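Q: A predicted structure for the sequence below; I have some questions about it.
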Amino acid sequence: MLSAPSWLRDLVGAWIFYSVLPAWPWPQPRFERIARFAPWVGLVIGGLQAGLWWLLSGFGWPQVALVPAVLALGLWLTGGLHFDGLMDTADGLAAGPERCLEAMEDSRVGASGVQLSVVVLLLQFAALVRLGPLGPIALVVTSALARVSPLWAMARFAYLRVNGTAGFHRRHQKGLGDAVPTLVLLVLLSPLNPLFQQLPLWMAPLCLLSALVVAEWLGRRLGGMTGDGYGAVVMLSETSGLLLMALLAPFLGSGAG
């Protein structure tokens, strides 16, 4: 079998780790520097959500019906990985500093986890309804850029669990070198791409900035990071990005509304 470069094996590993999509037949996956390719997996997930939006629109589904279906698809495509992290992190924060990690490890979901997960989904629903026809583009942009937030968290904050299963992310991250795929992604999501000409040039960088702010805020609240924290920042970053775009809808072209 042909050998493959390590970056391609990491990309395949990211595909398997961050989604339930069918595995590639080649090459053999590697699970080391996979986090740098999470935004590209997010791009595919957002693209599939956008595709479902356009499909259901073609069958005459109103937005209030198709948006929940699109959000459900996103949760299913990730296997609930980030959503689970969001709920566990909410429970940990509610338990306080002394019991935070213990509460996050508990397999039972507490009231805080349920409450935050409902709030996040409702906010995403509201933002997408507000965006209207620009919703599919917003899903692609935010799904991709929200997955940059764990890269910031990995570089900025210590991993809190001694034997945590997600600790390999921080051990294998290479600082600025892991930012190269993101820089390429930013160009792809800019108005230079005809698919995104409805968005102003500053929209993608603004969504990226909001994702980094979320990661910084949560890392400081937790005093470090865990695997659940990485999942939580993805969900919170997606939500902040969608809300930003919804609030700025009057500046995003005639399609919003």
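A: Received, thanks. Numbering: from 1, shown residues only.
Q: which residues in the stretch 101-250 of the chain form helices?
A: In order along the chain, the stretch 101-250 of the chain carries the following helices (DSSP state H, counting those that start in this stretch): 111-131, 135-145, 149-156, 167-172, 180-188, 203-222, 227-247.
Q: in the stretch 51-200 of the chain, where is pLDDT below threshold?
A: 175-176 (pLDDT under 70).
Q: quick one: residue 177 from residue 128, how far?
A: 35 Å (CB to CB, to the nearest Å). (C-beta placed from N, C-alpha, C; glycine too.)
Q: follow-up on the earlier one: and the helices of the stretch 101-250 of the chain: which comes nearest residue 36?
A: helix 180-188 (5.2 Å; CB to CB).
Q: what's the closest one packed up against?
A: helix 38-58, helix 203-222 (3 or more CB pairs under 8 Å, 6 or more residues apart in numbering; DSSP states H and E).
Q: buried residues, the first one. List them.
A: This points to helix 38-58. Counting neighbours by 16 or more other CB atoms under 10 Å, one finds that the buried residues in helix 38-58 are 38-50, 52-53, 56.
Q: same check, this time on the shortest one
A: When burial is assessed from 16+ other CB under 10 Å, helix 203-222 yields the following buried residues: 203-204, 207-208, 210-212, 214-216, 218-219, 222.
Q: just give me the neighbour total for residue 133.
A: 16 (other CB atoms under 10 Å).
Q: make residue 1 into 847 and carry on from there
A: All set: I'll call the first residue 847, so the last point we hit is now residue 979.
Q: roughly how far does it sit from residue 915?
A: 17 Å.
Q: same question for residue 1025.
A: Residue 1025 is 34 Å from residue 915, by CB to CB.
Q: host element of the nearest residue to residue 1078 once chain neighbours are set aside?
A: Excluding the flanking residues, the one nearest residue 1078 by CB to CB, 6 or more residues apart in numbering is residue 935, at 3.8 Å. Using DSSP states H and E, residue 935 sits within helix 927-941.
Q: for that helix, name the packing helices and strands.
A: helix 946-951, helix 957-977, helix 1049-1068, helix 1073-1093.
Q: nearest to residue 867, of the ones you listed?
A: helix 1073-1093 (16.6 Å).
Q: buried residues in the closest one?
A: Buried, per 16+ other CB under 10 Å, within helix 1073-1093: 1073-1092.
Q: distance check, the closest residue to residue 921 other than its chain neighbours against residue 872.
A: Using CB to CB, 6+ apart and skipping residues adjacent in sequence, the residue nearest residue 921 is residue 929, 5.7 Å away. Noted for residue 929: a distance of 31 Å to residue 872, by CB to CB.
Q: looking at these two, which one has more neighbours?
A: residue 929 (20 against 11).
Q: what's the neighbour count on the residue nearest to residue 958 when sequence neighbours are not counted?
A: What sits nearest to residue 958 in space, not counting adjacent residues and going by CB to CB, 6+ apart, is residue 940, at 3.7 Å. When neighbours are counted by other CB under 10 Å, residue 940 registers 16.
Q: and if you look at the one 4 residues further on?
A: Per other CB under 10 Å, the neighbour tally for residue 944 reads 8.
Q: ok, back up a step: redo the buried residues of helix 1049-1068 as CSV? Include distance to residue 1042.
A: As requested, the buried residues of helix 1049-1068 are exported to CSV (distance: CB to CB, whole Å):
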residue, distance to residue 1042
1049, 8
1050, 8
1053, 12
1054, 14
1056, 17
1057, 17
1058, 20
1060, 22
1061, 24
1062, 26
1064, 28
1065, 30
1068, 34
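Q: now do the nearest residue to residue 1094 once chain neighbours are set aside against residue 1098, distance only.
A: Closest residue to residue 1094 apart from its sequence neighbours, by CB to CB, 6+ apart: residue 1049 at 7.6 Å. With distances taken as CB to CB, residue 1049 is found 7 Å from residue 1098.
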